[in-house]
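Asks: Prediction below, plus the sequence it came from.
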Amino acid sequence: MNETTKYEKFDVQVSCSLPSDMKCCQLLDMTSMPDGRLLVLDSANSRMKLLDQNFQVTKYKLVEEGCHSLSSIDSNLVGVLKTDSLYTYGVSGDSMSLEEKVALTGMHYGIISNQNIFILIKLVKIEVYDKHISKIGTIDFSNVFGKGTMTPKYLALNDMNHLLFCEEYSQHLICMDIYSNILWNIEIDLLCSGILGFSKKWIFLAPEGIFDIPAPYNKLTLVLEADVSDKVISCSWNNSRVCICDSLSLRVFHI
C-alpha cells in the first residue's frame, strides 16, 4: 500500500448475474440499505436484485420495463424511477413488495437520496421531496448559473441536506444547500467518475483513485490509489465500503 494512502485497500469484484436471468446482466444503478445490503437495478432483465452483506444475490423483484434509476429513500423503502413514474417498494427481510406508483410530470433521469429527503433529476432542474413523497422545492440550474445550464452529470447528497455536484470535465466542484445557496467551491484538475455523500462527508471518485474532501472543504485528499475506471455507472457508500458498478459487475473497496 502506498505510504500516502490513508485507508486499507480491499477490492472485490462481484457478479450480479443469476442462473434464471434471460439476458446478460446490465446494471444501471444501485443503492445501499441502512443494514449494509445493496440493491442493484438490472435493466436487461427488468429486475431489482437484493445483495446481502457478503454481496451475494439473495432475492430479486421484477420491475417495470424501462426503469433506470433507484435509491433508498427510507430505512425500508426504495424508490425506482422510470422516466415519467416513481415506484416505491417496501423492503423487509428478503421480501420486496410494490407500495405505490406515482405519476410524474415531464422527463426524469435519476433519483438520489440521503434517507431524509430525495431528489428527482430533470434536464435543467432537480425536484426535492421529503420521504413521504411531498414536493418541498425545486432547483433550476439555468436560474442559478445562467441560461442554458444543464443539470450536472454528477450529484450527491449528504446528511446535512447539502448537494455536491460537478460535470465530468468541469474544473469546479460546487456544494450548495437545497435553497440554491452556494456553500463552497473547489477548483479541481481531475476527471470525475462519481461523487458520494454520507454523514457530513464527501467522497470524490476519479480514474486515479478515491479522494476525501475534508473540512474546510478546500481541497481533495487521496485516500486510496485504485484503478477506479472512467466507466462508472453508479456508486454507493456502504458501511465503510465504496461500491462502484459498471454495466456488468460491482466492485467493492474497503476504506
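Replies: Yes, it's here.
Asks: which residue packs closest to Cys25, ignoring adjacent ones?
Replies: Ser17 (4.4 Å; Cβ to Cβ, 6 or more residues apart in numbering). C-betas here are computed from N, CA, C, even on glycine.
Asks: Where does the one you found fall, secondary structure wise?
Replies: Ser17 belongs to no helix or strand when assigned by DSSP states H and E.
Asks: what separates it from Tyr60, distance-wise?
Replies: According to Cβ to Cβ, to the nearest Å, Ser17 stands 11 Å off from Tyr60.
Asks: thinking again about what came up before, quick check: phi and psi on the residue nearest to Cys25?
Replies: phi -80, psi 150 (degrees, to the nearest 10).
Asks: where does the stretch 101-250 of the chain dip in pLDDT?
Replies: 230 (pLDDT under 70).
Asks: Apply 80 and report the result again.
Replies: 147-148, 168, 229-231 (pLDDT under 80).
Asks: all helices for it, in order.
Replies: 141-145 (DSSP state H, counting those that start in this stretch).
Asks: who's more crowded, Ser17 and Tyr60?
Replies: Tyr60 (20 against 17; other Cβ atoms under 10 Å).
Asks: Determine the set of other helices and strands touching the strand or helix carrying the more buried one.
Replies: Here Tyr60, judged by DSSP H and E, is contained in strand 57-62. Where contact means 3 or more Cβ pairs under 8 Å, 6 or more residues apart in numbering; DSSP states H and E, strand 57-62 is packed against strand 47-51, strand 95-103.
Asks: Parallel or antiparallel, list what pairs with the longest one.
Replies: Sheet pairing here is set by DSSP bridges, and for strand 95-103 it gives strand 85-92 (antiparallel).
Asks: Show the average pLDDT along the strand it pairs with.
Replies: Strand 85-92 carries an average pLDDT of 96.
Asks: So what touches it?
Replies: Residues outside strand 85-92 that contact it (Cβ atoms under 8 Å, 6 or more residues apart in numbering) are 33, 39, 48, 50, 61, 63-64, 67, 73, 76-81, 96-104, 108, 111, 120, 133.
Asks: can you pull the buried residues of the strand holding Tyr60?
Replies: Using 16 or more other Cβ atoms under 10 Å as the test for burial, strand 57-62 gives 57, 59-61.
Asks: Tell me the one of those nearest Leu220?
Replies: Val57 (34.0 Å; Cβ to Cβ).
Asks: Leaving aside the residues adjacent along the chain, what's closest to that closest one?
Replies: Lys49 (5.0 Å).
Asks: hang on, that neighbour packs against Val14?
Replies: No. Using Cβ atoms under 8 Å, Lys49 is not in contact with Val14; the gap is 10.9 Å.
Asks: And these two? Which one has more around it.
Replies: Just comparing Lys49 and Val14: by other Cβ under 10 Å the higher neighbour count belongs to Lys49, 23 against 18.
Asks: so what pLDDT did that one get?
Replies: pLDDT, read off for Lys49, is 97.
Asks: One more: Phe10?
Replies: Taking Phe10 on its own, its pLDDT is 48.
Asks: Show the contacting residues for Glu168.
Replies: 153-154, 191-192.
Asks: And for stretch 43-51, what's in contact with it?
Replies: Taking Cβ under 8 Å, 6+ apart as the rule, stretch 43-51 contacts 14, 16, 18, 21-28, 37-42, 57-65, 67-68, 70, 78, 80, 89, 91, 94, 96, 250.
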